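[1] Need the 3D shape of this:
(chains A and B)
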Protein chains: 2
Amino acid sequence: MTDIHNQKILLASRPVGKPTTSNFKITTETVAAPNDGEVLLEILYLSLDPYMRGRMSDAKSYAKPTEIGSVMEGGTVARVKTSKHPDFKEGDVVLSYSGWQSYAIAKGENLRKLDPSVAPVSTALGVLGMTGFTAYAGLLTLGKPQPGETVVVAAASGAVGSVVGQIARIKGARAVGIAGGPDKCAFVKNELGFDAVVDHHSPNFAAELAEACPDGIDVYFENVGGKVWDAVFPLLNTYARVPVCGLIAQYNQTPGELAGPDRFPATMRDILTKSLTIRGFIQTEFVAQFPEFYKQAAGWIKDGRLRYREHIVDGLEAAPEAFIGLLEGKNFGKLLVKVKDT
Amino acid sequence: MTDIHNQKILLASRPVGKPTTSNFKITTETVAAPNDGEVLLEILYLSLDPYMRGRMSDAKSYAKPTEIGSVMEGGTVARVKTSKHPDFKEGDVVLSYSGWQSYAIAKGENLRKLDPSVAPVSTALGVLGMTGFTAYAGLLTLGKPQPGETVVVAAASGAVGSVVGQIARIKGARAVGIAGGPDKCAFVKNELGFDAVVDHHSPNFAAELAEACPDGIDVYFENVGGKVWDAVFPLLNTYARVPVCGLIAQYNQTPGELAGPDRFPATMRDILTKSLTIRGFIQTEFVAQFPEFYKQAAGWIKDGRLRYREHIVDGLEAAPEAFIGLLEGKNFGKLLVKVKDT
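    Got it, this is the predicted structure:
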């Protein structure tokens, strides 16, 4: 068998503030053969997600940072090229966590076989995967939307936000989306069927959000932070729930940007006087719910109640630029890198 | 019957920052006779509680502010002097919400008869009343302490904090108290039996708190805010719960004191990365649990597992000064005004 060349993208240095392409380094190496119990994977899709910004930093977090010189981490959909594991054969398509590279050796027990008849395999990284499940578990377990309540979510055209709003509607709540620019707003309202959408680029954003939520906000699914929070916070109703899933607007923040006023005391005051619940979470906490989620979400996709949009960029070498754009909201839908033509 | 003179303390003006005695006004008026269904009450004890600072302000909160010129609100224990209600007779001792005055007319349905054989009637304003119940409901329903976990509470010699720590221990958790000064600290450790206590007056307070919590903090029952929060926050474990019951350290804060740095983004970051739960509450939310609380707490008092300390000041006219001191932590135990000798 001829040598297989694996293209890999490494973390070259830790970003200060906004990442740049110089924080990444592309290299190539020859792929080793899999040992017993392992498979050689050819990566088809790489998922790009905001949490990866956290792995680039060495600030303490829920997961260890990526080491300098290591392959950037990430979820992937891959095809088995050579199998030394009894459960997998050449040609199987699997979900793996192989990172930013074109080939990988993986242990069989870390893989989940995908069924292309349920939905396109790329959805295993989005609406039927980690991002869809994040929306489902965070909204239902922590947000607990009740029929008639108002659920607000930002990045509403994105991988998580789009699912949050649609599930809110399936549960009988009113879904209000926040998105950036007329195209995304139109998509959220017309394609995803949210009850209302507000453009955070608008100079009257806060007033328009208040207008879109005449009965206040009962659930705010927090995935952005920043100025969206400032507009949402005064609208929260008594007993409102705020599952905190991400804070993309502050991932690139540096300590120098934290000038006053100190918003913390007023935040705590309202948490107290309105009996608010603010609850951070990582979807892994709820992993036992995944099978139930998968079954339901696949059904909702089939009957047209759960729609999704993918933003696919071509070629692994495009990943750094696409990831930098993701942190600025430049993507439109779940961001994926097509590493290899399927 | 000779005229009965009712001494009342009114809200004279709204404080800016720390209240002063000039924010209160003492007047006297003649008491009217009760109508059918009402009783005339002679107030025995008035409860002084931090939440009253909120009623003095017109900032939006969960309860309406007290009007200028109205009697200051508050819980009271009173004796029925004249009854026009079939369920009450002269001499009955009741819990009422009659405010800062020496006599009051009340509707029978707003009263709860007290049984002096269970515990001294003053406890209906403290360990067996609103403050004890606040501790019970907030700790058990929201804090959910598990055996072996670490529960931290500030104002640990106070009406709420003292009960939080003792119930935490009853439930098998480790109770760490924070109090101000050697006398209160000794009381918390030796009389209440907390596992550890830290003096927030210490110049090494944050380091001493960390030392007292070698396994981090699983439940922080928040009733003070301010610099105690800053010391607690870095010690919170993954999945820690923070019931927010009060923020006494910031009730006298003015907007000018909110200079940066802005602590809010770092707070949200840790809420996310540690999957924290921050949950404000007012005890009325859990009122259905009151009978169960009362039964259990009365039993714990009887068997010596739940101790309490009252700080009783004499005479209604002492209430303003005592209340101002309460906001500065000058009281030592549940603060009560003895309005009339029992």
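
[2] So which bits of the stretch 201-342 of chain A are right by chain B?
    Within the stretch 201-342 of chain A, the positions lying close to chain B (C-beta under 8 Å from any C-beta of the partner chain) are A:222, A:225, A:229, A:238-239, A:244-247, A:250, A:253, A:255, A:258-282, A:285. Quick note: C-beta positions are derived from backbone N, CA and C, even for glycine.

[3] Mind checking which of the residues you listed are buried?
    Among these, those scoring as buried are A:222, A:225, A:229, A:244-247, A:250, A:253, A:258, A:261-282, A:285 (criterion: 16 or more other C-beta atoms under 10 Å in any protein chain shown).

[4] ok, which stretches of the stretch 201-342 of chain A are strands?
    Listed in chain order, the strands of the stretch 201-342 of chain A (DSSP state E, counting those that start in this stretch) span A:217-221, A:236-244, A:277-280, A:310-314, A:334-338.

[5] The shortest one pairs with which strands?
    Strand A:277-280 has the following strand partners under DSSP bridges: strand A:236-244 (parallel), strand B:277-280 (antiparallel).

[6] C-alpha coordinates for the longest one, CSV please?
    The C-alpha trace of strand A:236-244 is given here as CSV (Å, rounded to 0.1, in the frame of the first residue of the first chain):
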residue,chain,number,x,y,z
LEU,A,236,-36.5,38.7,32.1
ASN,A,237,-39.7,37.8,34.0
THR,A,238,-40.0,36.6,37.6
TYR,A,239,-38.9,33.0,37.7
ALA,A,240,-37.2,33.3,34.3
ARG,A,241,-34.6,30.6,33.5
VAL,A,242,-31.3,31.3,31.7
PRO,A,243,-29.4,28.2,30.6
VAL,A,244,-25.9,29.4,29.8
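
[7] Kindly provide the whole-number mean pLDDT of it.
    Per-residue pLDDT over strand A:236-244 has a mean of 98.

[8] Would you mind pulling the contact partners of that strand?
    Contacts made with strand A:236-244 from outside it, assessed by C-beta atoms under 8 Å, 6 or more residues apart in numbering or on different chains, are listed as A:138-139, A:142-144, A:215-222, A:270, A:274-281, B:62, B:268, B:271-272, B:285.

[9] now do the shortest one
    The list of residues contacting strand B:277-280 from outside it, by C-beta under 8 Å, 6+ apart, reads A:270-280, B:142, B:239-245, B:271.

[10] now the closest residue to A:Gly99 other than its chain neighbours, which residues is it bridged with?
    Excluding the flanking residues, the one nearest A:Gly99 by C-beta to C-beta, 6 or more residues apart in numbering or on different chains is A:Val71, at 4.4 Å. As for beta bridges, A:Val71 partners with A:Leu10 under DSSP bridges.

[11] So A:Val71 versus chain B, what's the distance?
    Look at A:Val71 and chain B: by C-beta to the nearest C-beta, to the nearest Å, they are 23 Å apart.

[12] need the contact list for the residue of chain A found nearest chain B.
    Of chain A, the residue with the smallest distance to chain B, taken as C-beta to the nearest C-beta, is A:Gly260 at 2.4 Å. With contact set as C-beta under 8 Å, 6+ apart, A:Gly260 has these partners: B:Leu258, B:Ala259, B:Gly260, B:Pro261, B:Asp262.

[13] in the helix ranked longest in chain A, what's buried?
    The residue-count maximum for a helix in chain A (DSSP state H) belongs to helix A:290-302. For helix A:290-302, the buried set under the neighbour-count rule, 16+ other C-beta under 10 Å, comprises A:Phe290, A:Phe293, A:Tyr294, A:Gln296, A:Ala297, A:Ala298, A:Trp300, A:Ile301.

[14] quick one, helices of the stretch 1-150 of chain A?
    For the stretch 1-150 of chain A, the helices defined by DSSP state H, counting those that start in this stretch occupy A:51-56, A:130-137.
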